[in-house]
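Enquirer: can't give you the sequence, but here's the structure:
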């Protein structure tokens, strides 16, 4: 009784080489570590907190601003990656508005800062809804 035949490769096999160099792999790893999954529930909570009839207190303004800027950045990245701006002129306008608002500094005056936050929240909400309508987001669809 003989066992199974063992096949042997007689051709040389080249050594494996990584697809990226060390520096490029480090860049990819840094981006993967910093990645945050899309959280539609958190987005809607933040939009609601700013657009609510109650004016946010001064102590909450900076936190709201950081979160809304993060939502804007993430939605713009999703829109650009999905080429939504090329498919829809409204998305392109929303992307441009989002970039402008995100780049603006928070005003020092409390009521002006609230106005700025509300403009950002509306921009987040509109871009979120439009990307959902275009099926670029599963959560908003």
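Expert: Sure, I can see it. Being a predicted model, the structure only gives us computed values, none of them experimental.
Enquirer: make it CA atoms for all contacts and neighbour counts henceforth
Expert: Fine.
Enquirer: out of the helices and strands in the protein, which is least certain?
Expert: When each helix and strand of the chain is scored by mean pLDDT, DSSP states H and E, helix 84-87 comes last, with a mean of 87.
Enquirer: which positions in that helix come out as buried?
Expert: Residues 84-85 are the ones in helix 84-87 that count as buried (16 or more other CA atoms under 10 Å).
Enquirer: could you give the separation of it from the chain centroid?
Expert: Centroid separation for helix 84-87 versus its chain: 16 Å, with CA atoms, centre = their mean, to the nearest Å.
Enquirer: chain center to the helix or strand following that helix: distance?
Expert: Following helix 84-87 in sequence order, the next helix or strand is helix 89-103 (DSSP states H and E). Put simply, helix 89-103 sits 14 Å off its chain's centre (CA atoms, centre = their mean).
Enquirer: then stretch 50-70?
Expert: Distance of stretch 50-70 from its chain centroid, counting by CA atoms, centre = their mean, is 19 Å.
Enquirer: and that stretch, what's buried?
Expert: Those would be 50-51, 56, 61, 64-65, 67-70, for stretch 50-70 by 16+ other CA under 10 Å.
Enquirer: state the pair within those residues that is farthest apart.
Expert: Using CA to CA, those reach their maximum pairwise distance at 56 and 70, which is 18.4 Å.
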